[in-house]
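A.B. asks: one predicted model, sequence on top.
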Amino acid sequence: MLLLLGCLVIDSLAQRVGIGEAAPQSKLAVAGNVSIGSTYSAFAAPPNGLIVEGKTGIGTSNPVYFLDIFTVNDYGGMRVKGTQNTLLIVESAAGTEASLCFVQAGLRKFCIGIDSTGDFLRVERYDSLGTLISDSVVIIDRRTGFVGLATIPTTYKLELPNVPTTEGQAIANQWLTYSDSTLKSNITSLDKRWAYNTIRLLRPVQYVHHPSYKKPDGTIRIDTTTGEIRLGFIAQEVKHVLPHAVDQTKEGVHTLDYSQILAVAIRAMQAQREEIERLRQQVSELHKQLEKYKSGSNASQE
């Protein structure tokens, strides 16, 4: 039995209600937009759209969030799908953070979001109690595209913090560097005498390397209470001898490219090897002359 009340259609036999729909196929069919809520009912929803003032639960009768989706299988979640330019937007007010968090058993595990400035994307991690660990896993600078692992990137495409633990170290089966001849010009061999003299001027040292941390204002705080014993060089000293191997971060901290020192050291070793071979030949010649002299002296005595 159908009951027609203006735009309202009630199918009492199928127990369906249609609003603006003459043949409802669902329990409630609305041909148009819907506003739900004591305040929102006074506003027009988008065409064929829905606005809800309170919390909405899908798969749960006790929603905690404005949209609370509960599922008991692998295919009951939420999907955002489109043919192109599909977006899932997490938006916040200016000057506030916006995050997408992954929670397990009520505890946060990871969060992906932007900071209050909107300049940095942060991937944050949490401990077993759901407490934020001080340093983020990944930080990406929106303005430069630089990536920092547990540190704010400022100078290089990829930066790790200056700490003596594994947090400031990297490991791989192999690190490769672009070195194709087509990428280079004005190629000349290092002068062996210059290389030998340069290596002689370098001062290898043993030292305690202290960790440093970047403050929000861009300054560097050095923790002199901790550190590890290392072997190497002092960048400021190398700069006077081999300036090409030394660089500086935006904060003024000196860095050192040990691979350039290696090239000079190998050339110096080659020069030293050539000198050793030359001296060896001289010794051999002297030895031959000495043997010849001994033979002549023995013959004269006979």
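C.D. replies: Yes, it's here. Numbering: from 1, shown residues only.

A.B. asks: going forward, measure contacts between C-alpha atoms and count neighbours the same way
C.D. replies: Will do.

A.B. asks: which other helices and strands contact the lengthiest helix in the chain?
C.D. replies: With residue count as the measure and DSSP state H as the assignment, the chain has helix 258-301 as its longest helix. Taking 3 or more CA pairs under 8 Å, 6 or more residues apart in numbering; DSSP states H and E as contact, the helices and strands that helix 258-301 lies on are helix 192-201.

A.B. asks: what sits up against the helix or strand that the helix it packs on is followed by?
C.D. replies: Following helix 192-201 in sequence order, the next helix or strand is strand 205-209 (DSSP states H and E). With CA atoms under 8 Å, 6 or more residues apart in numbering as the test, strand 205-209 has contacts from 164, 227, 228, 229, 230, 231, 232, 233, 234.

A.B. asks: 10 Å instead?
C.D. replies: 162-164, 223-224, 226-234 (CA atoms under 10 Å, 6 or more residues apart in numbering).

A.B. asks: how about that strand: buried residues?
C.D. replies: Going by neighbour count (16 or more other CA atoms under 10 Å), the buried part of strand 205-209 is residue 209.

A.B. asks: could you check how far that strand is from the centre of its chain?
C.D. replies: In this view, strand 205-209 has its centroid 28 Å away from the chain centroid, taken as CA atoms, centre = their mean, to the nearest Å.

A.B. asks: kindly report the same for stretch 171-189.
C.D. replies: Between the centre of stretch 171-189 and the centre of its chain there are 24 Å (CA atoms, centre = their mean).

A.B. asks: can you check stretch 278-285 too?
C.D. replies: Distance of stretch 278-285 from its chain centroid, counting by CA atoms, centre = their mean, is 56 Å.

A.B. asks: same deal with stretch 234-252?
C.D. replies: In this view, stretch 234-252 has its centroid 25 Å away from the chain centroid, taken as CA atoms, centre = their mean.

A.B. asks: quick one: end-to-end length of it, please.
C.D. replies: Taking CA to CA, to the nearest Å, stretch 234-252 runs 15 Å from one end to the other.

A.B. asks: what residues of that stretch count as buried?
C.D. replies: For stretch 234-252, burial by neighbour count (16+ other CA under 10 Å) applies to 234, 235, 238, 239, 241, 242, 245, 246.

A.B. asks: now, which of those sits nearest residue 49?
C.D. replies: The shortest distance between residue 49 and any of the buried residues of stretch 234-252, using CA to CA, involves residue 246 and amounts to 61.3 Å.

A.B. asks: show me what that closest one is bridged to.
C.D. replies: Taking DSSP bridges as the rule, residue 246 bridges to residue 256.

A.B. asks: from the contacts of strand 205-209, which one has the minimum pLDDT?
C.D. replies: Lowest model confidence among the contacts of strand 205-209 falls on residue 164, which carries 79.

A.B. asks: distance of that residue relative to residue 156?
C.D. replies: Relative to residue 156, residue 164 is positioned 19 Å away (CA to CA).

A.B. asks: ok, those two, which is more surrounded?
C.D. replies: Neighbours per residue (other CA atoms under 10 Å) separate residue 164 from residue 156, with residue 164 holding more: 18 against 14.

A.B. asks: quick check: buried residues in stretch 48-60?
C.D. replies: Within stretch 48-60, the residues that qualify as buried are 51, 52, 56, 57, counting by 16+ other CA under 10 Å.

A.B. asks: residue contacts, the first one?
C.D. replies: Put plainly, it is residue 51. If a contact means CA under 10 Å, 6+ apart, then residue 51 has 33, 34, 35, 36, 37, 40, 41, 43, 44, 45 as its contacts.

A.B. asks: what about it, which helix or strand?
C.D. replies: Per DSSP H and E: residue 51 is located in strand 50-52.

A.B. asks: just how off-centre is that strand within its chain?
C.D. replies: Distance, stretch centre to chain centre, for strand 50-52: 39 Å (CA atoms, centre = their mean).

A.B. asks: circling back: let me know the angle separating the longest helix of the chain from helix 192-201.
C.D. replies: Our comparison of helix 258-301 with helix 192-201, counting by axes from the mean of the first three to the mean of the last three CA atoms, to 10 degrees, yields an angle of 110 degrees.

A.B. asks: avg pLDDT for helix 258-301?
C.D. replies: 88.

A.B. asks: one more: stretch 50-60?
C.D. replies: Averaging pLDDT along stretch 50-60 yields 94.

A.B. asks: show me how far it is from its chain's centre.
C.D. replies: With CA atoms, centre = their mean as the basis, the mean position of stretch 50-60 lies at 37 Å from the chain mean.

A.B. asks: again with stretch 29-39
C.D. replies: Offset of stretch 29-39 from its chain centre (CA atoms, centre = their mean): 46 Å.

A.B. asks: pull the CA atoms of that stretch into CSV?
C.D. replies: Extracted C-alpha coordinates of stretch 29-39, given in CSV (Å, rounded to 0.1, in the frame of the first residue of the first chain):
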residue,chain,number,x,y,z
ALA,A,29,15.2,7.2,0.0
VAL,A,30,15.8,10.9,-0.4
ALA,A,31,15.9,12.5,-3.9
GLY,A,32,18.0,15.6,-3.0
ASN,A,33,20.0,16.9,-0.1
VAL,A,34,19.7,16.1,3.6
SER,A,35,20.4,18.2,6.8
ILE,A,36,20.6,16.4,10.2
GLY,A,37,20.9,18.2,13.5
SER,A,38,19.0,20.8,15.6
THR,A,39,21.2,23.6,14.1
